[in-house]
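Visitor: quick one, fold the following:
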Amino acid sequence: MSILTDGTHENLVLAQNVNGRLRAEARMAFARAFLLRATGAGAFLALAGAGFGAASYGYATMNQFDTAAEKIAAAMQTALADVTLKTKGEVTLTDNTLKLEGLPAQKADAVPTPTKAQLGAEAAPASKAPVNTTFTVFKQVPYLDGQIVTGWNFKAAEDRPYQQYCYFSRRSNESKGQVEIKIDLAMDGRTLPQPQKSDVNLGILATNCVWHDGKAL
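Guide: Numbers count the residues shown, from 1 in each chain. Just a heads-up that it's a prediction; the model follows:
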């Protein structure tokens, strides 16, 4: 058994070995602690990056939808601004009234007027003889199974008819085909003479004639 004393060579070597081992263990402990801190910091940064990325993606998605909605609204506004609605009548929008363009309203008592083409102003016979143009306006009143027709004959550029006539007309189906029965009633506002052998009362039927001035001449 040997006892080492202070200051001997063996004690110095032993002290150096112990100090070296302690320093090595301290460095290993420091390295472990640094590794744990680095791992925690890395995990924190990774989670923070993932959260920031998710937030950025959500914001970008919402902004994209807002932009698309704005584009659609702008396109609809442009399309409606370029549209012109043309119709007849009025369209009521809540408390406002929108008057739309349309054709002028026709009067309820408007009557057809002959056109130049219908009158045939340029028509002429092969003989080149002068042509007098007249036209007739018919007024029809339903009566029994037929109608009472009044005709007004006009000359061109005249407002009063130069001749008026009235008759009763009825069509019937016979074995040989359709037959039209015509009974003359009046001329120029005056009832024609009553036939002796006739059951038809011309005076009663003539009350349905429509004269130009509204009364018999």
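Visitor: and Pro104, what pLDDT?
Guide: Note on Pro104: pLDDT of 50.
Visitor: after the helix-or-strand element of the chain with minimal mean pLDDT, which helix or strand is next?
Guide: Lowest by mean pLDDT, DSSP states H and E among the helices and strands of the chain is strand 96-99, with a mean of 44. Helices and strands here follow DSSP states H and E; after strand 96-99, the next one along the chain is helix 116-119.
Visitor: what lies in contact with that next one?
Guide: With contact meaning C-beta atoms under 8 Å, 6 or more residues apart in numbering, helix 116-119 is reached by Thr133, Phe135, Ala156. Backbone N, C-alpha and C define where each C-beta goes, glycine included.
Visitor: break this structure down into its structural domains.
Guide: Per automatic domain parsing, the structural domains of the chain span 8-79, 116-121+129-206.
Visitor: just name the most buried of those domains.
Guide: domain 116-121+129-206 (a mean of 13; mean count of other C-beta atoms under 10 Å).
Visitor: start and end of it, how far apart?
Guide: Terminal residues of domain 116-121+129-206 are spaced 34 Å apart (C-alpha to C-alpha, to the nearest Å).
Visitor: equivalent analysis for stretch 197-211, please.
Guide: From its first residue to its last, stretch 197-211 covers 27 Å (C-alpha to C-alpha).
Visitor: which strands and helices sit next to the longest helix seen in the chain?
Guide: Looking across the chain with DSSP state H, the single longest helix is helix 9-81. Here helix 9-81 touches no other helix or strand, going by 3 or more C-beta pairs under 8 Å, 6 or more residues apart in numbering; DSSP states H and E.
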